[in-house]
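Undergrad: let's see this in three dimensions:
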Amino acid sequence: MEKIKELAKKFLTRDIILYIVFGVLTTLVNIGSFYIITNTLNWNENVSNFIAIALSILFAYFTNRSWVFHSTAKGFKEKSSEFLKFIAGRALTMVIEFVGCYILFKTPIPSIISKCGISVIVIILNFLISKFYTFKDKKDIKTNEE
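TA: Alright, predicted model coming up:
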């Protein structure tokens, strides 16, 4: 039991808890948008998926920047660089999500279940990219360079 507490303390940091909260909200934006676009507007699943992913990426950037990773980027150049890194990371996971869903949509698995399963993988990848690439703290960079 003590080892479980130690692991929880080590891995359930404030950043991870906030990322989980905003990750769930981002996923709700993604899946909710997908559901509304496919079922209300009756658009193609792949087009709906692309739009849902784009909306969730924008939502995730603003929440992660401010509340999860507490970005210290100042000025247009730093903020632009950070945004481009975020978009690049999300573009990578968007391709993974899009291809994964494209493949799974051809199976008998319901599309919403396929979408949810791929979303779990994408959330984990997005955290790692944001933490260690996009919002990497400048003092971490200096420490690694020394």
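Undergrad: is L7 in a helix, a strand, or coil?
TA: Under DSSP: H, G, I helix; E, B strand; the rest coil, L7 falls in the helix class.
Undergrad: what ranges of the chain fall below the confidence cut-off?
TA: Applying pLDDT under 70 to the chain flags residues 138-146.
Undergrad: where exactly do the helices run in it?
TA: Using DSSP state H, the helices assigned to the chain run over residues 2-11, 14-39, 45-63, 75-104, 111-129, 138-145.
Undergrad: relative to helix 45-63, how tilted is the second one?
TA: The directions of helix 14-39 and helix 45-63 differ by 150 degrees, with axes from the mean of the first three to the mean of the last three CA atoms, to 10 degrees as the criterion.
Undergrad: helix 14-39 packs against which elements?
TA: Packing partners of helix 14-39 (3 or more CB pairs under 8 Å, 6 or more residues apart in numbering; DSSP states H and E): helix 45-63, helix 111-129. C-betas here are computed from N, CA, C, even on glycine.
Undergrad: quick check: angle from that helix to helix 75-104?
TA: Between helix 14-39 and helix 75-104, the angle comes out at 60 degrees (the same axes, to 10 degrees).
Undergrad: try the first one
TA: For the pair helix 2-11 and helix 75-104, the angle between their directions (the same axes, to 10 degrees) equals 130 degrees.
Undergrad: can you tell me how far T27 sits from R90?
TA: Computed as CB to CB, to the nearest Å, the T27 to R90 distance reads 13 Å.
Undergrad: more neighbours: which of those two?
TA: R90 (24 against 18; other CB atoms under 10 Å).
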